[in-house]
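>>> no FASTA, just this:
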């Protein structure tokens, strides 16, 4: 199933290895520019690997918000194999199909940190 967070807390950051150098960078399919990628594949199989290779953390956050709407609209159960198939199809379309383009005039929300 999809992970809300794709971080691995068991791997501490080495003092000799700055975070900027160790970050996984990708050319995000949602934003069209080089951005920090996910820490690990967020989904099983080939789709998860494609997302890991081509989707930024910010792009993944967009999917998480979109997936909440999909799960509510279709009344999906994330533990049900048929629901997982629908989620995977929607995820494929969101990142690599017709849903890959950002809406016209899209402005990313500023983080509240």
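Looks like it came in fine. Only a predicted model underlies this, so the values are computations on that prediction, with no experimental measurement involved.

>>> contacts and neighbour counts: CA atoms only from here.
Will do.

>>> what bridges to residue 35?
Partner residues in beta bridges with residue 35, using DSSP bridges, are residue 26.

>>> out of everything not next to it in sequence, what's closest to residue 48?
Leaving aside its chain neighbours, residue 48 sits nearest to residue 41 (5.0 Å; criterion: CA to CA, 6 or more residues apart in numbering).

>>> quick one, what contacts that neighbour?
If a contact means CA atoms under 8 Å, 6 or more residues apart in numbering, then residue 41 has 6, 48-49, 51-52 as its contacts.

>>> again with residue 96
Counting by CA under 8 Å, 6+ apart, residue 96 touches residue 29.

>>> ok, it to residue 36 distance?
According to CA to CA, to the nearest Å, residue 96 stands 18 Å off from residue 36.

>>> now swap in residue 91 and tell me
Relative to residue 36, residue 91 is positioned 19 Å away (CA to CA).

>>> who has more neighbours, the two?
Neighbours of residue 91 and residue 36, each counted by other CA atoms under 10 Å, are more numerous for residue 91; the result is 23 against 18.

>>> so the more buried one makes contact with residue 63?
Yes. Counting by CA atoms under 8 Å, residue 91 touches residue 63, with 7.5 Å between them.
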